[in-house]
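Enquirer: starting from these lines, generate the structure:
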Amino acid sequence: MIEHLCEVQHDDGGQLRPYADKHHLARAARALLSSVTRILLLADTVVVKQLLNTKDRVSISLNRLENVANFTEFVKSFSQFGTEMVEMANLMSRCQNDVNNERRRAQMAAARQVLERSTVLLLTASKACLRHPDCDTARENRDTVFLQMRRSMDVIHFVVKEGVIPELAGTTSNGEPRRNHGAHRRSRAHHYNHTGTHRAEEMEPCLTVCNAIKKFEDHVEMTRITMVSPAYRSLLTSALDSVVERSQDFTDSAYTSHEHRERIILLCDRLKMELHQLLRVGMQLEQIGQVSPSEEMEAAIHETLRAARDMKLQLQNTALEQAEELLKYMDKSTLLNRLKHASITGDHPRLEEFSERFSEQSDHLQEVCKLLHHVASAESVQVLSKNTEACLQVYGPQVLSACHTLFLHPSSKVVRENVEVFMDVWKALDQDVTALAQEVAELCRNTNGKPEKTANTNYSTNSAADFNRQQPSHQSPSNPNNHSTVPKSIVTANQLTVPGQPTKLDAEEQSNIAKLGLEMKQLTSEMDAETDKWPTADNDIVRRAKTMSTMAFSMYQFTRGEGDLKTTQDLFTQAEFFAEEANRFYKVVRHFSYQVPGGTHKKEMLENLDRVPTFVQQLQFTVKNTTVGKAATFTKVDNVIKETKNLMNAISKVVTTCLVCATKYNLDFGSASDRSRLVSPYNRGDGGGEEYGEGMPGKGLQSSSDPNI
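Expert: Residues are numbered from 1 along each chain as shown. Predicted coordinates:
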């Protein structure tokens with residue numbers, strides 16, 4: 001219609017004639033705009049519906065996982081759960097890009113990070129609980145992970161439904177995690193609300209001291225217009241009380257130095273005095289009927305704002321210096337190793353001693369997060385700090401629970417793996433605190449600039465710059481343990497806005513990931529040495545192992561700036577193919593395991609094999625994370641290389657044990673290859689195609705992970 005209205009028309013003399021009916025043209029334009037708007041709204045609604053439906057399916061899978069009775073059911077349910085989680089992660093990324101509110105985007109990113117980490121914890125915690133069903137601490141680990149995942153999905157529901165708070169399904173059946181041993185008496189897990197719904201204030205704008213000071217400053221600025229009327233005097237006094245109340249988190253902290261505490265108290269008194277002076281001048285002007293601020297009032301406003309600014313700077317310095325001292329001198333890795341060693345050796349007094357020290361460090365980390373949360377000026381950083389503090393509150397006691405389970409069952413490999421994974425998550429949280437402190441320091445430096453020097457203060461924003469100089473450059477947490485399965489990315493709102501463009505790494509970035517590349521090259525060399533001993537003809541295990549070794553080697557070449565992979569997008573595509581090939585390798589080896597007689601070698605092979613789906617999911621999660629900006633892209637590259645290395649390490653061990661079993665028992669790889677191509681009732685979907693969970697034994701069959709095999 002618009003095209004018809006806009007057609008050029010000529011009069012009888014051949015001259016152009018303007019279209020006179022502008023009303024029809026405007027009406028047609030409005031109709032077109034309305035149609036486009038409806039289409040966009042419909043598209044957004046479809047994506048939201050898809051995400052909520054997927055979330056509901058994940059919730060059903062969680063309930064099924066929570067109620068499995070044996071390893072066979074667990075393996076099948078976990079495979080289906082993993083597929084649904086990958087689908088939900090993709091939909092979350094799409095929805096997150098469409099969220100305009102910075103706070104909501106950050107909440108979605110935080111929930112997604114918790115889900116990714118909890119997926120790994122869920123595997124080991126559930127295996128430990130199934131292996132030791134009578135152990136209360138093992139069940140506590142598992143129940144806490146389930147609860148964390150449900151809370152995260154409720155946050156997702158809250159964001160996509162624009163503030164509608166869902167009921168927490170299943171919390172009444174789980175109840176609050178039990179705590180039965182002395183090492184956990186300092187637990188703060190109960191700080192979470194265990195009622196049927198989230199508290200709305202946990203998801204709404206944070207009441208921080210930074211926000212309180214900003215609100216107070218805005219009110220003071222407005223006195224130039226409103227003067228100091230009786231109603232406005234009450235508003236100013238209330239705003240000041242809010243600032244003083246929130247600053248008590250700094251003065252009440254056991255980790256705040258005496259010098260900083262005294263300065264904060266003095267600045268509170270000074271702020272009260274300056275406000276009192278402003279109110280006194282305002283009342284005098286009101287009495288004489290003056291409706292515009294005098295020079296004396298302008299001076300009082302200026303001094304009040306300066307006092308508020310000095311107060312904010314002091315609180316920032318207090319938080320950043322406390323974070324610097326904690327992260328500089330606290331050796332958490334050594335303490336974790338000692339905790340693990342005391343649990344394995346059965347040294348109960350030492351376990352109690354190290355548990356107490358670990359609880360103190362956990363409390364200190366939480367205190368630092370709380371103070372950083374107070375001084376953060378960006379909403380996304382406020383959400384990140386609040387989420388990090390909450391995770392520290394939850395997972396700190398669970399690390400001790402896992403250690404106590406290991407103390408009770410020191411010979412259990414499943415329990416030992418569970419301890420390692422919980423400790424890996426704790427190390428990742430520690431890295432989150434470091435990155436958070438650096439980001440807050442950068443925000444403080446950018447927002448404050450060069451402060452004025454006053455006679456009453458001798459501090460500035462130098463603490464922010466000092467902190468950034470003294471801390472290592474932000475990078476994803478690395479774990480020396482090759483079995484680490486923790487997501488090693490710190491997900492923030494600005495990292496998940498739009499898909500990253502293919503980029504090339506510069507020389508400095510390539511040198512930073514060169515070490516990871518060398519470790520992966522060593523793994524490929526070891527695997528090649530093993531597989532070269534066997535022919536590839538009619539041998540799917542060896543053939544797929546060599547294929548993955550070639551893929552891993554090309555990714556190693558990328559870290560050196562060589563090979564066919566030129567851009568980061570090439571690397572991510574290769575990682576996707578690598579994960580798919582690892583999934584096929586898993587199914588072939590699973591079928592081969594049916595030929596292996598029961599014994600130590602089979603048990604070792606299955607223990608290594610059971611790790612492969614977890615590493616596959618983690619690599620898929622990492623590749624699917626969309627990024628924006630060069631720094632975020634480099635972090636993703638770093639994470640992809642690490643997850644590929646972890647998966648390659650697990651596959652290398654599986655290949656070694658497979659070849660040992662084939663040699664010892666004179667087994668035929670060809671029969672395993674043929675068997676993996678057969679259609680069975682439990683490894684084909686309705687469409688006849690292969691699915692992620694192929695190769696898993698059906699219900700009623702003996703589980704390959706059964707401890708009696």
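Enquirer: residue nearest the centroid of this protein?
Expert: Gln113 (2.4 Å; Cα atoms, centre = their mean).
Enquirer: what helix or strand is the closest residue to Glu87 other than its chain neighbours located in?
Expert: The shortest distance from Glu87 to any non-neighbouring residue, by Cβ to Cβ, 6 or more residues apart in numbering, is to Thr54 (5.5 Å). (Each C-beta comes from the backbone N, C-alpha and C, glycine too.) Assigned by DSSP states H and E, Thr54 falls within helix 22-66.
Enquirer: how about the one helix or strand Ile651 maps to: buried residues?
Expert: Using DSSP H and E, Ile651 sits in helix 630-665. Buried residues in helix 630-665, defined by neighbour count with 16 or more other Cβ atoms under 10 Å: 632-659, 661-662.
Enquirer: sorry, back to before: quick check: mean pLDDT of the helix holding Thr54?
Expert: In this model, helix 22-66 has a mean pLDDT of 83.
Enquirer: what packs against that helix?
Expert: helix 2-5, helix 71-98, helix 136-160 (3 or more Cβ pairs under 8 Å, 6 or more residues apart in numbering; DSSP states H and E).
Enquirer: elements contacting the longest one?
Expert: Contacting helix 71-98 under the criterion 3+ Cβ pairs under 8 Å, 6+ apart are the following elements: helix 22-66, helix 102-131, helix 136-160, helix 612-624.
Enquirer: make TSV out of those and add distance to Gln316.
Expert: Shown next, in TSV, are these (distance: least, Cβ to Cβ, whole Å):
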stretch	distance to Gln316
helix 22-66	38
helix 102-131	21
helix 136-160	28
helix 612-624	34
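Enquirer: wait, which of these is closest to Leu267?
Expert: With Cβ to Cβ as the measure, helix 102-131 is the member of the helices and strands packed on helix 71-98 nearest Leu267 (29.0 Å).
Enquirer: list the helices and strands the closest one packs on?
Expert: Under the contact criterion of 3+ Cβ pairs under 8 Å, 6+ apart, helix 102-131 touches helix 71-98, helix 136-160, helix 379-408, helix 413-448, helix 612-624.
Enquirer: out of the helices and strands packed on helix 22-66, which one sits most buried?
Expert: With neighbours taken as mean count of other Cβ atoms under 10 Å, these reach their highest mean count in helix 136-160, at a mean of 24.
Enquirer: hang on, the earlier thing: any idea how far the helix holding Thr54 is from the middle of the chain?
Expert: 27 Å (Cα atoms, centre = their mean, to the nearest Å).
Enquirer: just stretch 278-293 next, same as before
Expert: 53 Å.
Enquirer: same thing with stretch 562-576?
Expert: For stretch 562-576 - counting by Cα atoms, centre = their mean - the centre lies 25 Å from the chain centre.
Enquirer: what's the span of it from first residue to last?
Expert: End-to-end distance of stretch 562-576 (Cα to Cα, to the nearest Å): 20 Å.
Enquirer: and Arg596, that one's in a helix?
Expert: For residue 596 the amino acid is Val, not Arg. No. Per DSSP: H, G, I helix; E, B strand; the rest coil, Val596 lies outside any helix segment and is coil.
Enquirer: show me the contacts for it.
Expert: Lys602, Met605, Cys661, Tyr665, Leu667 (Cβ atoms under 8 Å, 6 or more residues apart in numbering).
Enquirer: which one of those is nearest Asp252?
Expert: Closest to Asp252, out of all of those and judged by Cβ to Cβ, is Met605, at 55.4 Å.
Enquirer: without its sequence neighbours, what residue ends up closest to that closest one?
Expert: For Met605, the spatially nearest residue (Cβ to Cβ, 6+ apart) is Thr657, at 3.9 Å.
Enquirer: go on, Leu336?
Expert: Per Cβ to Cβ, 6+ apart, closest to Leu336 is Met423, 5.0 Å.
Enquirer: for the one you found, grab the count of nearby residues.
Expert: For Met423, the neighbour count with other Cβ atoms under 10 Å is 24.
Enquirer: any figure for the gap between it and Cys403?
Expert: 9 Å (Cβ to Cβ, to the nearest Å).
Enquirer: state the pLDDT value of Val155.
Expert: Reported pLDDT for Val155: 90.
Enquirer: which one is it nearest to, not counting chain neighbours?
Expert: Distances taken as Cβ to Cβ, 6+ apart place Ala111 nearest to Val155, at 4.1 Å, with adjacent residues excluded.
Enquirer: coming back round to it: what's the angle between the helix holding Ile651 and helix 413-448?
Expert: 170 degrees (axes from the mean of the first three to the mean of the last three Cα atoms, to 10 degrees).
Enquirer: for helix 630-665, which helices and strands make contact with it?
Expert: Partner elements for helix 630-665 (3+ Cβ pairs under 8 Å, 6+ apart): helix 507-512, helix 514-531, helix 540-559, helix 568-593, helix 600-609, helix 612-624.
Enquirer: again, only using 10 Å
Expert: Secondary structure elements in contact with helix 630-665, counted by 3 or more Cβ pairs under 10 Å, 6 or more residues apart in numbering; DSSP states H and E, are helix 507-512, helix 514-531, helix 540-559, helix 568-593, helix 600-609, helix 612-624, helix 669-676.
Enquirer: who wins for proximity to Glu66 among the ones you listed?
Expert: That would be helix 612-624 among these, by Cβ to Cβ, at 18.1 Å.
Enquirer: give me the helices and strands touching that closest one, please.
Expert: Counting contacts by 3+ Cβ pairs under 10 Å, 6+ apart, helix 612-624 is packed against helix 71-98, helix 102-131, helix 568-593, helix 630-665.
Enquirer: between the second one and helix 22-66, how big is the angle?
Expert: Calculated by the same axes, to 10 degrees, helix 102-131 forms an angle of 20 degrees with helix 22-66.
Enquirer: for the last one, same thing?
Expert: With the same axes, to 10 degrees defining the directions, helix 630-665 sits at 40 degrees from helix 22-66.
Enquirer: rank the helices and strands packed on helix 22-66 by pLDDT, which is bottom?
Expert: Among the helices and strands packed on helix 22-66, helix 2-5 scores lowest, at a mean of 53.
Enquirer: which one of the contacts of Val596 is nearest Arg584?
Expert: Met605 (17.4 Å).
Enquirer: need the contact list for the closest one.
Expert: Going by Cβ atoms under 10 Å, 6 or more residues apart in numbering, Met605 touches 589, 592-593, 596, 599, 653-658, 660-661, 704.
Enquirer: for Leu326, same thing?
Expert: Here Leu326 is in contact with Tyr255, Lys332, Gln361, His364, Leu365, Glu367, Val368, Asp430, Val433, Thr434, Ala437 (Cβ under 10 Å, 6+ apart).
Enquirer: all good on my end, thank you.
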